[in-house]
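> Structure for this input, please:
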Amino acid sequence: MKIKYLKYLLFAMGILITSCKEDYLDTVKEDSYTSQNYWQTTDQAKMYVTSCYNYIRDEWWKTFLTCATDDSYSWSDWPSDIRLLGNGTATASSGTINHFWSYYYQAIATANIVHDNIGSVPNMDETLRKRLDGEARFFRDYAYQQLIGLYGDVPLIDHLQKISEFKAAKTPKADVVKFIVNDIDAYSANLPLSYADASDQGRVTRGAALALKARVLLYDGQWVEAAKAAKAVMDLGVYSIDPNYSSLFDGTNESSKEIILAGQYVPTSKSSLATWVGGPYVGGWSQVVPTQALVDAYECTDGKTIDQSPLYNPQHPYDNRDPRLKMTIVVPGSVVNGITIDVTNPTSPYRLGQNNASYTAYYYKKYTPAVIDGSWDGNSTNDIIVLRYAEVLLTYAEAKIEANDIDASVYNAINQVRQRASVNQPPISSGKSQTELRSIVRRERRIEFAIEEQRLFDIRRWKIAENVMPGDLHGIFNNFDNKRADFGKNVLVETRIFNPARDYVWGYPQGEVDLNKNLVQNPKW
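This is a model prediction of the structure:
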């Protein structure tokens, strides 16, 4: 049974309505929600903590993050203008930049309210008190992980602010990382490995906290500590790789032992996932679509890349490929929810130029709901995965590789992901150099986590964005219509720019900078 968010929605709207004010960092005062009329019962505390879970249900925006990478493209600037962040023309007034900033500081404020007040609830079971406090602090730490990955240095606020503390200056990213790690160490033992009560399924566990810690350490380049944190999750014995890759994302396998934490949806509170990810064949708007660069990244079934494999045939480019290609991307001839999609057919309503058709002529199959019901703004109950075990394994492998501590466990971790039953790519054999393994694990992350937000953080921390982002972004190869002027060429979707002196972080929202003189804008923004 999923956590029932809807019963807390009006409550959450009441406590979080401050997001509409001018300067979000100034909106939560030290006496807010601390009155004697609140924090008086255990049920009130549970209700407040449950409202924190709304901050992993941002499918409108987080699904679009991939469009700021070389993997995906978005044709519209509504509801997200992420397209401008992808092509390098965004300004600090971007709605996307503003959204993520205010969204995650709302999460932080909500968690701080819990942390500062839950200790005052009378007659509360101490084990439950510590657990609920840990759940709230997890969301604060997750929010900071996202913020430093997007903006770099950010204000670190760990309590309800006094008036004298308003107009916070930014804190060095390294200090925020240290805060997150120390915080998780302080509360993770208070979280259970799992929940016995069905109504609590989906709440934050010890594994989720440790997996987040591993991610933060990996992103920060603390290789030895990242490997230890990932190994701690592996040693819990709670999680395993699911044999069915596709089912993790279409809404049919939401209790999988691979899923560590997900943003949950129920029939009374749906997302619009099918609208953004789906094509017109499922009533979608094709707003988040794959690029040719992503398609080309998938290996052949012999484990070699398309420029090395004798199995690759440019005339039949989708044959003999890593099965995750057709599980993730709608290629010509793919079947989605019983509908055959073939953009090579001149009469196809899904080909280039048709209404709501993809600008790249590719679509995402991954995250297209198996069941679609409702209007454009609420048609899916698919959960949105936040953390899963495959990430833990590849975090462990990458950290060990970068630390040059390469042993059999590195190969085993990578191969667990590659050799799930529905994928079964050839195992990586031993004896590889550090450079070879680095390339392998980076490609594996790209393929395994396509459209799961990881790519943006990866190309930044690997410092390869300046290589993969600028230049022409292409769609499908036009080898099927000799009447087109561009026959024999890939569809040119747009030409992108990337400024290494600016674009490895986003600018702070211009409105925040204008109001807070202590928040010095990031360079070039």
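
> shaky segments in the stretch 401-525 of the chain?
479-488 (pLDDT under 70).

> If we use 90, what do you get?
Low-confidence segments of the stretch 401-525 of the chain (pLDDT under 90): 453, 477-489.

> the helices in it, which residues?
Assigned by DSSP state H, counting those that start in this stretch, the stretch 401-525 of the chain shows helices spanning 408-418, 434-448, 454-461, 465-468, 510-515.

> Out of those helices, which is closest to Phe179?
The closest approach between Phe179 and any of the helices of the stretch 401-525 of the chain, judged by CB to CB, belongs to helix 454-461 at 18.4 Å. C-beta: built from backbone N, CA, C; applies to glycine.

> Can you pull up the most central residue in this protein?
Glu453 (3.3 Å; CA atoms, centre = their mean).

> got a list of what that one touches?
Residues in contact with Glu453 (CB atoms under 8 Å, 6 or more residues apart in numbering) are Lys62, Leu65, Thr66.

> what about the second one, how many neighbours?
In this case it means Leu65. 27 (other CB atoms under 10 Å).

> circling back: from Thr127, how far off is the residue nearest to the centre of the chain?
33 Å (CB to CB, to the nearest Å).

> what stretches of this structure score poorly on pLDDT?
In the chain, residues with pLDDT under 90: 1-38, 58-62, 160-167, 315, 344-348, 351-354, 453, 477-489.

> Do a quick rundown of the strands in the stretch 201-350 of the chain.
259-263, 289-290, 329-330, 334-336, 339-341 (DSSP state E, counting those that start in this stretch).

> returning to that earlier point: could I get the helices of the stretch 401-525 of the chain in CSV, plus columns for mean neighbour count and distance to Met234?
Formatted as CSV, the helices of the stretch 401-525 of the chain follow (neighbours: other CB atoms under 10 Å; distance: least, CB to CB, whole Å):
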stretch, mean neighbour count, distance to Met234
helix 408-418, 19, 8
helix 434-448, 18, 16
helix 454-461, 20, 19
helix 465-468, 16, 30
helix 510-515, 17, 40
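
> Can I get those in CSV including distance to Asp153?
Shown next, in CSV, are the helices of the stretch 401-525 of the chain (distance: least, CB to CB, whole Å):
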stretch, distance to Asp153
helix 408-418, 32
helix 434-448, 25
helix 454-461, 14
helix 465-468, 18
helix 510-515, 13
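
> Of all the strands of the stretch 201-350 of the chain, which one comes closest to Glu402?
strand 259-263 (22.7 Å).

> counting contacts, what elements does the closest one pack onto?
Packing partners of strand 259-263 (3 or more CB pairs under 8 Å, 6 or more residues apart in numbering; DSSP states H and E): helix 206-219, strand 384-388, helix 389-402.

> In its sheet, which strands sit next to that strand, and in what direction?
strand 384-388 (antiparallel) (DSSP bridges).

> and Thr41, how many neighbours does it have?
So Thr41, with other CB under 10 Å, has 13 neighbours.

> is the closest residue to Tyr281 other than its chain neighbours in a bridge, and if so with what?
Distance criterion CB to CB, 6 or more residues apart in numbering; nearest residue to Tyr281, sequence neighbours excluded, is Ile339 at 4.7 Å. Taking DSSP bridges, one obtains Val336 as the residues bridged to Ile339.

> Against Gly333, how distant is Ile339?
Here the criterion is CB to CB. By it, Ile339 lies 12 Å from Gly333.

> ok, now Ala293?
Noted for Ala293: a distance of 21 Å to Gly333, by CB to CB.

> How about Thr66?
From Thr66 to Gly333 the distance is 24 Å (CB to CB).

> the more surrounded of those two?
With neighbours defined as other CB under 10 Å, Thr66 and Gly333 compare such that Thr66 has more, 29 against 13.

> Just say helix, strand or coil for the more buried one.
helix (DSSP: H, G, I helix; E, B strand; the rest coil).

> Who does the residue nearest to it when sequence neighbours are not counted form a beta bridge with?
The shortest distance from Thr66 to any non-neighbouring residue, by CB to CB, 6+ apart, is to Ser72 (4.1 Å). For Ser72, the beta-bridge partners under DSSP bridges are Pro290.

> Contact partners for Ser72?
With CB under 8 Å, 6+ apart, Ser72 has these contacts: Thr66, Gly86, Val288, Val289, Pro290, Thr291, Leu294, Tyr364, Ile451.

> of all those, which two lie farthest apart?
Gly86 and Tyr364 (15.6 Å).

> Helix, strand or coil: sort out the residue nearest to Gly134 when sequence neighbours are not counted for me.
In space, and not counting its chain neighbours, Gly134 is closest to Tyr187: 3.6 Å by CB to CB, 6+ apart. With three-state DSSP as the basis, Tyr187 sits in helix.

> right, and Tyr187 touches Lys130 too?
Yes - applying CB atoms under 8 Å as the test, Tyr187 and Lys130 come out as touching, 7.3 Å apart.

> Of the two, which one has the most company?
The neighbour comparison of Tyr187 against Lys130 (other CB under 10 Å) goes to Tyr187, with 21 against 16.

> which residues does that one contact?
If you count contacts by CB under 8 Å, 6+ apart, then Tyr187 has Lys130, Asp133, Gly134, Arg137, Phe138, Ala209 around it.

> Now do stretch 262-271: distance to the chain's middle.
Taking CA atoms, centre = their mean, to the nearest Å, one finds the center of stretch 262-271 at 17 Å from the center of the full chain.

> just stretch 70-84 next, same as before
The answer for stretch 70-84 is 16 Å, by CA atoms, centre = their mean.

> That stretch spans what distance, first to last residue?
13 Å (CA to CA, to the nearest Å).

> Ok, stretch 252-262 next?
14 Å.

> Mind listing what's buried along it?
For stretch 252-262, a neighbour-count test (16 or more other CB atoms under 10 Å) marks Asn253, Glu254, Ser256, Glu258, Ile259, Ile260, Leu261, Ala262 as buried.

> how much space is there between the fifth one and Glu225?
Read that as Ile259. From Ile259 to Glu225 the distance is 25 Å (CB to CB).

> ditto for Ala397
In terms of CB to CB, Ala397 sits 15 Å off from Glu225.

> who's more crowded, these two?
Ala397 (28 against 18).

> so who does the nearest residue to that one once chain neighbours are set aside touch?
Of all residues not flanking Ala397 in the chain, Ala413 sits nearest, at 4.2 Å (CB to CB, 6+ apart). Ala413 is in contact with Leu393, Leu394, Tyr396, Ala397, counting by CB under 8 Å, 6+ apart.

> Kindly indicate which of the residues you listed lies nearest Arg502.
Leu394 (29.3 Å).
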